[in-house]
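**Student:** what's the 3D shape of this:
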Amino acid sequence: MNKHLVAILTLGAVLGSSVVSARAVEGSRDPAVRERAQLERQEARDTKIQERDALRLRLEEKRNSERKERLIKFWNRTIERLQKLIDRQTRMSTKIAERLAKYKAAGKDVTRQEALLVTANTAIATAQTSMTNAEAALQVMMTENKPVSEIIAKARELHKEVIGKIRLAHRALVDVIVATRGMSGAQTPTPSVSPTATPTP
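**Tutor:** Residues are numbered from 1 along each chain as shown. Below is the predicted model:
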């Protein structure tokens, strides 16, 4: 009798738990529950997207920072090379002026040569101004955190412009020296101030 009672009670407990489980399953099919679960899944997806976008942004900022640092180093080296070219042209102009002064003291007419030297000095000054302005323009772009691609494009443009001014100054110096040939009885060498081609960023 007791055994039967125990069996009945056990079966009742099992059936009762099954009913509870079934009700729980039925409850999970409730529209509000489904909607809440859907919202939670959407929030989880949105969180992952935001984390992925934040990571991508950090990586992009790191790459841009590294590219900008390399660009600054490259441009500093380029400015140094260009400045050396302009300094050499300035020294050559000074030597030519001293030579013309000697010719003039010796009674020779150097009016044309002096006019050409003025033109050359103007070209040298223009090259110097162009380089100074280029350096300042790029510094402003970097300070304003312009996109690296935009800074590189501007650097190429300014580099080309400065090189063009230096070449004009070189040709003007050559014109002066050619005009002085034969004045001293010896051939005057052409100045070795031709601008060396420098790579662009």
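
**Student:** Got the domain ranges for this structure?
**Tutor:** Domain segmentation of the chain under automatic domain parsing yields 2-51, 65-180.

**Student:** Point out the most buried one among those domains.
**Tutor:** domain 65-180 (a mean of 16; mean count of other Cβ atoms under 10 Å). Quick note: C-beta positions are derived from backbone N, CA and C, even for glycine.

**Student:** measure it end to end?
**Tutor:** End-to-end distance for domain 65-180: 52 Å, by Cα to Cα, to the nearest Å.

**Student:** For the domains of the chain, could you give me a markdown table that also reports distance to Leu57?
**Tutor:** Converted to a markdown table, the domains of the chain look like this (distance: least, Cβ to Cβ, whole Å):
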| stretch | distance to Leu57 |
| --- | --- |
| domain 2-51 | 10 |
| domain 65-180 | 12 |
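
**Student:** Tabulate the ones you listed in CSV, adding columns for mean pLDDT.
**Tutor:** Output for the domains of the chain, formatted as CSV (pLDDT from 0 to 100):
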stretch, mean pLDDT
domain 2-51, 63
domain 65-180, 91
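
**Student:** Tell me how far Val176 lies from Leu100.
**Tutor:** Remark: distance between Val176 and Leu100 (Cβ to Cβ, to the nearest Å) = 8 Å.

**Student:** Name the residues contacting each of those two.
**Tutor:** Both Val176 and Leu100 are contacted by 113, 117, under the criterion Cβ atoms under 8 Å, 6 or more residues apart in numbering.

**Student:** Which stretches in this protein count as helices?
**Tutor:** For the chain, applying DSSP state H gives helices covering 2-28, 31-105, 111-143, 148-180.

**Student:** for the third one, packing partners?
**Tutor:** It refers to helix 111-143. On a contact count with 3 or more Cβ pairs under 8 Å, 6 or more residues apart in numbering; DSSP states H and E, helix 111-143 meets helix 31-105, helix 148-180.

**Student:** could you redo the ones you listed as CSV and give each row distance to Ala115?
**Tutor:** What follows is the helices and strands packed on helix 111-143, written out as CSV (distance: least, Cβ to Cβ, whole Å):
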stretch, distance to Ala115
helix 31-105, 11
helix 148-180, 9
